[in-house]
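Engineer: predicted model and sequence follow; I will ask about them next.
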Amino acid sequence: MEGIALHSFEGKMPFTPETLARSEQLEAVYGLTLTSSYRSFALISSPLTTTQIS
């Protein structure tokens, strides 16, 4: 994340054309449609619980 932010501060693209092409390949292979509106925390359906062993 830091690298992406630092690149944007300098007006540079954080990813090379090769990296973007690889990302598109992975999206196609895994059937992903990730966009900037994607939120990773939305995948968490319930909080972690702990089990007490007696």
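Structural biologist: That came through, no problem.
Engineer: just the mean pLDDT for the helix or strand that contains I4, thanks.
Structural biologist: Using DSSP states H and E, I4 maps to helix 2-9. If you average the pLDDT over helix 2-9, you get 81.
Engineer: after that helix, next one along is what?
Structural biologist: Where DSSP H and E defines the elements, the next helix or strand beyond helix 2-9 is helix 17-30.
Engineer: C-alpha coordinates for that following helix, CSV please?
Structural biologist: Listed in CSV are the C-alpha atoms of helix 17-30, where the atom choice follows Å, rounded to 0.1, in the frame of the first residue of the first chain:
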residue,chain,number,x,y,z
PRO,A,17,1.9,-2.7,-18.0
GLU,A,18,3.2,-6.2,-17.5
THR,A,19,1.8,-6.3,-13.9
LEU,A,20,-1.6,-5.0,-15.1
ALA,A,21,-1.6,-7.7,-17.8
ARG,A,22,-0.9,-10.4,-15.3
SER,A,23,-3.6,-9.1,-13.0
GLU,A,24,-6.1,-9.3,-15.9
GLN,A,25,-5.0,-12.9,-16.6
LEU,A,26,-5.6,-13.9,-13.0
GLU,A,27,-9.0,-12.2,-13.0
ALA,A,28,-9.9,-14.2,-16.0
VAL,A,29,-8.6,-17.5,-14.6
TYR,A,30,-10.4,-17.1,-11.3
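Engineer: understood, closing this out.
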